[in-house]
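Engineer: Got a predicted structure here, sequence first:
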Amino acid sequence: MSGKDLECFIHQVHAEQRHEGVAHVELRLSPRRFVVDGLPFAEFLRIAHHSMRALENPTLRGVLLVNRDSSEKFTEDCRRLLPGLPPTFVGIDLAGDESRYPDSSRFRNLFATARESGLGVTVHAGEFGNLDGVWRAIDELGAQRLGHALAAAGNRSLLKRLRDDSILVELSISSNLALGAAASASLHPARIFLEAGVPLSFNTDIPIESGSTIPQELAVAADVLGLSTSEVVTLQQGASRFIFRRSARR
(Lines give C-alpha, C1' and ligand atoms only; values in the text may rest on other atoms or scores of the structure.)
Protein backbone atom coordinates (compact mmCIF):
# COMPACT_ATOMS: atom_id res chain seq x y z
CA MET A 1 0.00 0.00 0.00
CA SER A 2 1.43 3.34 -1.08
CA GLY A 3 0.71 6.98 -0.43
CA LYS A 4 -0.93 7.17 -3.84
CA ASP A 5 -3.25 4.31 -2.85
CA LEU A 6 -4.24 6.26 0.26
CA GLU A 7 -4.93 9.43 -1.70
CA CYS A 8 -7.01 7.55 -4.30
CA PHE A 9 -8.98 5.73 -1.60
CA ILE A 10 -9.93 8.96 0.17
CA HIS A 11 -11.08 10.60 -3.06
CA GLN A 12 -13.03 7.50 -4.09
CA VAL A 13 -14.85 7.45 -0.75
CA HIS A 14 -15.63 11.14 -1.10
CA ALA A 15 -17.10 10.66 -4.59
CA GLU A 16 -19.12 7.66 -3.42
CA GLN A 17 -20.56 9.50 -0.42
CA ARG A 18 -21.41 12.56 -2.51
CA HIS A 19 -23.34 10.30 -4.89
CA GLU A 20 -25.24 8.86 -1.91
CA GLY A 21 -26.26 12.30 -0.64
CA VAL A 22 -24.19 12.24 2.55
CA ALA A 23 -23.35 15.61 4.12
CA HIS A 24 -20.48 14.65 6.48
CA VAL A 25 -18.16 11.66 6.52
CA GLU A 26 -15.91 10.36 9.27
CA LEU A 27 -13.59 7.83 7.70
CA ARG A 28 -11.67 5.31 9.78
CA LEU A 29 -8.13 5.15 8.44
CA SER A 30 -5.70 2.44 9.55
CA PRO A 31 -2.06 3.54 9.27
CA ARG A 32 -0.62 0.12 10.07
CA ARG A 33 -1.11 -1.45 6.67
CA PHE A 34 0.68 1.50 5.02
CA VAL A 35 3.48 1.65 7.59
CA VAL A 36 4.14 -2.08 7.19
CA ASP A 37 4.57 -1.50 3.46
CA GLY A 38 7.17 1.19 4.08
CA LEU A 39 5.23 4.46 4.20
CA PRO A 40 6.49 6.52 7.16
CA PHE A 41 3.79 7.25 9.73
CA ALA A 42 4.27 11.01 9.41
CA GLU A 43 3.90 10.76 5.63
CA PHE A 44 0.70 8.76 6.04
CA LEU A 45 -0.71 11.58 8.16
CA ARG A 46 0.48 14.27 5.75
CA ILE A 47 -1.08 12.62 2.70
CA ALA A 48 -4.35 11.87 4.47
CA HIS A 49 -4.60 15.44 5.77
CA HIS A 50 -3.75 16.99 2.39
CA SER A 51 -6.34 14.75 0.69
CA MET A 52 -9.15 15.48 3.16
CA ARG A 53 -8.73 19.15 4.03
CA ALA A 54 -10.13 20.69 0.82
CA LEU A 55 -12.98 18.23 0.29
CA GLU A 56 -16.50 19.61 0.50
CA ASN A 57 -20.02 18.36 -0.19
CA PRO A 58 -19.48 16.21 1.80
CA THR A 59 -16.83 17.27 4.27
CA LEU A 60 -14.54 14.37 5.14
CA ARG A 61 -12.66 13.87 8.40
CA GLY A 62 -10.40 11.10 9.61
CA VAL A 63 -10.62 8.76 12.58
CA LEU A 64 -7.31 7.07 13.35
CA LEU A 65 -7.96 3.33 13.59
CA VAL A 66 -5.77 1.18 15.84
CA ASN A 67 -6.11 -2.60 15.74
CA ARG A 68 -6.38 -4.68 18.90
CA ASP A 69 -3.50 -6.91 17.78
CA SER A 70 -1.12 -3.97 17.28
CA SER A 71 2.33 -4.30 18.80
CA GLU A 72 3.31 -2.28 21.85
CA LYS A 73 5.80 -0.37 19.71
CA PHE A 74 3.21 0.59 17.11
CA THR A 75 0.74 1.59 19.83
CA GLU A 76 3.39 3.77 21.48
CA ASP A 77 4.28 5.33 18.09
CA CYS A 78 0.61 6.25 17.71
CA ARG A 79 0.47 7.71 21.22
CA ARG A 80 3.49 9.96 20.63
CA LEU A 81 2.00 11.33 17.40
CA LEU A 82 -1.49 12.09 18.76
CA PRO A 83 -0.83 15.59 20.18
CA GLY A 84 0.43 16.73 16.77
CA LEU A 85 -2.19 14.97 14.67
CA PRO A 86 -3.33 17.11 11.70
CA PRO A 87 -6.63 18.93 12.31
CA THR A 88 -8.53 16.84 9.75
CA PHE A 89 -8.18 13.90 12.16
CA VAL A 90 -10.94 14.25 14.72
CA GLY A 91 -11.06 10.92 16.55
CA ILE A 92 -9.52 7.57 17.38
CA ASP A 93 -10.97 4.06 17.19
CA LEU A 94 -9.98 0.65 18.54
CA ALA A 95 -11.03 -2.20 16.26
CA GLY A 96 -10.27 -5.84 15.62
CA ASP A 97 -11.09 -9.30 16.87
CA GLU A 98 -12.45 -8.97 20.41
CA SER A 99 -12.74 -12.72 20.84
CA ARG A 100 -8.96 -13.12 20.40
CA TYR A 101 -7.91 -9.81 21.96
CA PRO A 102 -10.51 -9.00 24.64
CA ASP A 103 -8.20 -7.06 26.98
CA SER A 104 -8.23 -3.35 26.12
CA SER A 105 -6.32 -2.27 29.24
CA ARG A 106 -3.01 -1.94 27.37
CA PHE A 107 -4.56 0.82 25.26
CA ARG A 108 -5.47 2.99 28.26
CA ASN A 109 -2.50 5.34 27.85
CA LEU A 110 -3.11 5.68 24.12
CA PHE A 111 -6.74 6.66 24.62
CA ALA A 112 -5.96 8.92 27.58
CA THR A 113 -3.53 10.82 25.35
CA ALA A 114 -6.19 10.95 22.62
CA ARG A 115 -8.70 12.53 24.99
CA GLU A 116 -6.09 14.98 26.29
CA SER A 117 -5.38 15.91 22.67
CA GLY A 118 -9.02 16.79 22.04
CA LEU A 119 -9.87 13.75 19.93
CA GLY A 120 -13.22 12.01 19.98
CA VAL A 121 -13.21 8.36 21.08
CA THR A 122 -15.10 5.51 19.44
CA VAL A 123 -14.47 1.82 20.07
CA HIS A 124 -15.56 -1.31 18.26
CA ALA A 125 -17.01 -3.41 21.07
CA GLY A 126 -19.70 -6.02 21.56
CA GLU A 127 -20.02 -7.10 17.93
CA PHE A 128 -18.53 -10.55 18.49
CA GLY A 129 -17.18 -9.85 21.96
CA ASN A 130 -19.01 -10.08 25.25
CA LEU A 131 -20.68 -7.56 27.53
CA ASP A 132 -17.48 -6.93 29.48
CA GLY A 133 -15.84 -5.52 26.36
CA VAL A 134 -18.51 -2.84 26.07
CA TRP A 135 -18.09 -1.80 29.72
CA ARG A 136 -14.31 -1.69 29.20
CA ALA A 137 -14.70 0.52 26.13
CA ILE A 138 -16.65 3.05 28.20
CA ASP A 139 -14.88 2.87 31.55
CA GLU A 140 -11.27 2.14 30.49
CA LEU A 141 -11.05 3.96 27.18
CA GLY A 142 -13.67 6.71 27.57
CA ALA A 143 -15.74 5.80 24.50
CA GLN A 144 -18.22 8.47 23.46
CA ARG A 145 -19.45 6.26 20.64
CA LEU A 146 -19.49 2.49 20.19
CA GLY A 147 -19.16 0.48 17.01
CA HIS A 148 -21.95 -2.15 16.99
CA ALA A 149 -22.23 -2.83 20.77
CA LEU A 150 -24.70 -5.64 20.07
CA ALA A 151 -23.87 -7.40 23.33
CA ALA A 152 -25.20 -4.41 25.27
CA ALA A 153 -28.76 -5.08 24.12
CA GLY A 154 -29.14 -7.89 26.67
CA ASN A 155 -28.23 -5.82 29.72
CA ARG A 156 -30.63 -3.25 31.18
CA SER A 157 -27.94 -1.55 33.29
CA LEU A 158 -25.72 -1.00 30.28
CA LEU A 159 -28.59 0.22 28.12
CA LYS A 160 -29.40 2.74 30.83
CA ARG A 161 -25.76 3.85 30.93
CA LEU A 162 -25.70 4.34 27.16
CA ARG A 163 -28.92 6.36 27.32
CA ASP A 164 -28.04 8.45 30.37
CA ASP A 165 -24.51 9.24 29.19
CA SER A 166 -25.63 9.82 25.57
CA ILE A 167 -23.20 7.29 24.16
CA LEU A 168 -23.98 6.78 20.48
CA VAL A 169 -24.20 3.26 19.06
CA GLU A 170 -22.95 3.12 15.47
CA LEU A 171 -25.11 0.39 13.93
CA SER A 172 -24.20 -1.38 10.70
CA ILE A 173 -27.06 -3.80 10.23
CA SER A 174 -26.13 -5.13 6.78
CA SER A 175 -22.57 -5.73 7.95
CA ASN A 176 -23.79 -7.55 11.08
CA LEU A 177 -25.92 -9.82 8.92
CA ALA A 178 -23.18 -10.40 6.32
CA LEU A 179 -20.62 -11.35 8.98
CA GLY A 180 -23.01 -13.37 11.15
CA ALA A 181 -22.95 -11.05 14.17
CA ALA A 182 -26.75 -11.10 13.96
CA ALA A 183 -28.47 -14.30 12.85
CA SER A 184 -31.26 -12.53 10.97
CA ALA A 185 -32.82 -9.11 10.50
CA SER A 186 -35.70 -10.07 12.80
CA LEU A 187 -33.23 -10.93 15.58
CA HIS A 188 -31.10 -7.81 15.22
CA PRO A 189 -31.22 -5.79 18.49
CA ALA A 190 -31.58 -2.37 16.84
CA ARG A 191 -35.13 -2.01 18.13
CA ILE A 192 -34.02 -2.80 21.69
CA PHE A 193 -31.60 0.13 21.53
CA LEU A 194 -34.26 2.40 20.07
CA GLU A 195 -36.87 1.53 22.70
CA ALA A 196 -34.28 2.00 25.48
CA GLY A 197 -33.61 5.56 24.27
CA VAL A 198 -30.02 4.86 23.16
CA PRO A 199 -28.76 7.28 20.47
CA LEU A 200 -28.22 5.55 17.12
CA SER A 201 -26.61 6.13 13.75
CA PHE A 202 -26.64 3.88 10.69
CA ASN A 203 -23.48 3.05 8.75
CA THR A 204 -22.22 0.80 5.97
CA ASP A 205 -19.09 -0.37 7.87
CA ILE A 206 -17.74 -2.81 5.26
CA PRO A 207 -19.61 -2.19 1.98
CA ILE A 208 -17.17 -4.46 0.13
CA GLU A 209 -18.65 -7.36 2.14
CA SER A 210 -22.26 -6.25 2.58
CA GLY A 211 -22.70 -4.44 -0.74
CA SER A 212 -24.63 -1.77 1.15
CA THR A 213 -24.89 1.97 0.57
CA ILE A 214 -26.12 4.57 3.05
CA PRO A 215 -29.57 4.86 1.41
CA GLN A 216 -29.86 1.06 1.41
CA GLU A 217 -28.73 0.92 5.03
CA LEU A 218 -31.42 3.40 6.03
CA ALA A 219 -34.02 1.29 4.23
CA VAL A 220 -32.81 -1.85 6.04
CA ALA A 221 -32.94 -0.01 9.36
CA ALA A 222 -36.50 1.13 8.64
CA ASP A 223 -37.54 -2.46 8.01
CA VAL A 224 -35.82 -3.77 11.16
CA LEU A 225 -37.18 -0.97 13.36
CA GLY A 226 -40.66 -0.95 11.89
CA LEU A 227 -40.37 2.73 10.98
CA SER A 228 -40.80 4.69 7.80
CA THR A 229 -37.69 5.63 5.86
CA SER A 230 -38.33 9.30 6.68
CA GLU A 231 -38.41 8.47 10.40
CA VAL A 232 -35.07 6.69 10.10
CA VAL A 233 -33.65 9.63 8.16
CA THR A 234 -34.71 11.85 11.06
CA LEU A 235 -32.85 9.55 13.48
CA GLN A 236 -29.78 9.74 11.26
CA GLN A 237 -29.95 13.52 11.10
CA GLY A 238 -30.23 13.64 14.89
CA ALA A 239 -26.97 11.72 15.14
CA SER A 240 -25.19 14.75 13.71
CA ARG A 241 -24.84 16.10 17.25
CA PHE A 242 -22.34 13.27 17.86
CA ILE A 243 -20.01 14.35 15.06
CA PHE A 244 -16.45 14.50 16.35
CA ARG A 245 -15.07 18.03 16.37
CA ARG A 246 -11.52 18.56 17.47
CA SER A 247 -11.63 20.32 20.82
CA ALA A 248 -8.96 22.43 22.44
CA ARG A 249 -6.32 20.37 24.21
CA ARG A 250 -7.39 19.75 27.81
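Structural biologist: All right, it came through fine. Numbers count the residues shown, from 1 in each chain.

Engineer: Just list what the strand ranked longest in the chain packs against, helices and strands only.
Structural biologist: Taking DSSP state E as the criterion, the chain has its longest strand at strand 59-67. Packing partners of strand 59-67 (3 or more Cβ pairs under 8 Å, 6 or more residues apart in numbering; DSSP states H and E): helix 3-19, strand 24-29, helix 41-53, helix 72-81, strand 89-95. The way it works is simple: take the backbone N, C-alpha and C, and place the C-beta from them, glycine included.

Engineer: quick one: it to helix 41-53, angle?
Structural biologist: Orientation note: strand 59-67 sits at an angle of 150 degrees relative to helix 41-53 (axes from the mean of the first three to the mean of the last three Cα atoms, to 10 degrees).

Engineer: quick check: mean pLDDT across strand 59-67?
Structural biologist: Taken as a whole, strand 59-67 has an average pLDDT of 97.

Engineer: Run through who's touching that strand.
Structural biologist: 10, 13-14, 17, 23-32, 48-49, 52, 75, 78, 82, 85, 88-96, 107, 110, 119-120, 122, 244 (Cβ atoms under 8 Å, 6 or more residues apart in numbering).

Engineer: Partner strands of it, with direction?
Structural biologist: strand 24-29 (parallel), strand 89-95 (parallel) (DSSP bridges).

Engineer: buried sites along the following helix or strand past the longest one?
Structural biologist: Tracing the chain past strand 89-95, the next element assigned as helix or strand by DSSP states H and E is helix 108-116. Residues 110-115 are the ones in helix 108-116 that count as buried (16 or more other Cβ atoms under 10 Å).

Engineer: Then stretch 52-62?
Structural biologist: Under 16+ other Cβ under 10 Å, the buried positions of stretch 52-62 are 52, 55, 58-62.

Engineer: That stretch: end-to-end distance?
Structural biologist: 8 Å (Cα to Cα, to the nearest Å).

Engineer: so for stretch 233-246, what's the average pLDDT?
Structural biologist: Rounded mean pLDDT across stretch 233-246 is 94.
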